[in-house]
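> pasting the sequence and the predicted coordinates here, then a few questions.
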Amino acid sequence: MAIETPDNELDKAPEEAPDEARTFVGYFQHFPPIAGALVAIIGASVLAGWGLNIPALRGAFGNDATMMPSAAVCFIVGGLALILETARTPRPWAIIAARVLAVALILIALTTVLEHTLGRNLGLDLILFRDEVIATSP
């Protein structure tokens, strides 16, 4: 007994799908690079807030939710990796660069988790803006 499948046009391969379906899917193909750019811009804005001493750019809700410089660097690195990896036809160097950036992001994140687990400050957030971070820490 064979199972019959409905003849649904959306189940066809992308090159055989109707133009409306390809257009609809095409909108979503632009989402990852745009999201990567927005994330990188947010990270750059936070770093600018630290560098220019503008508390409003350091995070939301004043000093209660300040983003640390290492997190801002992770935003930039992650956004750039996403942009490089999701290009329509990524070049081999872009794929390698995206993966190197992803490894850097993982190392920063693991170091931060290690800091919180051990209850020790390894100085990761003090690398870029030492005096500003110390001044804003409770």
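Structure's in. What do you need?

> contacts and neighbour counts: CA atoms only from here.
Noted.

> show me what the helix ranked longest in the chain is packed against.
The longest helix of the chain (DSSP state H) is helix 92-118. Here helix 92-118 touches helix 69-85, going by 3 or more C-alpha pairs under 8 Å, 6 or more residues apart in numbering; DSSP states H and E.

> got the angle between the helix it packs on and helix 92-118?
Counting by axes from the mean of the first three to the mean of the last three C-alpha atoms, to 10 degrees, helix 69-85 points 150 degrees away from the direction of helix 92-118.

> returning to that earlier point: the longest helix of the chain: what's the following helix or strand?
Per DSSP states H and E, the first helix or strand lying C-terminal to helix 92-118 is helix 130-136.

> in that following helix, what's buried?
By 16 or more other C-alpha atoms under 10 Å, the buried positions in helix 130-136 come out as Val133.

> so how far is it from its chain's centroid?
Chain-centre distance of helix 130-136: 25 Å, with C-alpha atoms, centre = their mean, to the nearest Å.

> do stretch 102-112 as well
Distance, stretch centre to chain centre, for stretch 102-112: 12 Å (C-alpha atoms, centre = their mean).

> pull the residues that contact that stretch.
Ser70, Cys74, Val77, Gly78, Ala81, Leu124 (C-alpha atoms under 8 Å, 6 or more residues apart in numbering).

> list the buried residues of that stretch.
Those would be Ala102, Leu105, Ile108, Thr111, Thr112, for stretch 102-112 by 16+ other C-alpha under 10 Å.

> can I get it as CSV, trimmed to CA atoms?
Provided in CSV are the C-alpha atoms of stretch 102-112 (Å, rounded to 0.1, in the frame of the first residue of the first chain):
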residue,chain,number,x,y,z
ALA,A,102,33.4,32.2,16.1
VAL,A,103,36.2,30.4,18.0
ALA,A,104,37.3,33.8,19.4
LEU,A,105,33.7,34.4,20.6
ILE,A,106,33.6,31.0,22.2
LEU,A,107,36.9,31.6,24.0
ILE,A,108,35.7,35.0,25.4
ALA,A,109,32.4,33.4,26.5
LEU,A,110,34.1,30.5,28.2
THR,A,111,36.5,32.8,30.0
THR,A,112,33.5,34.8,31.3
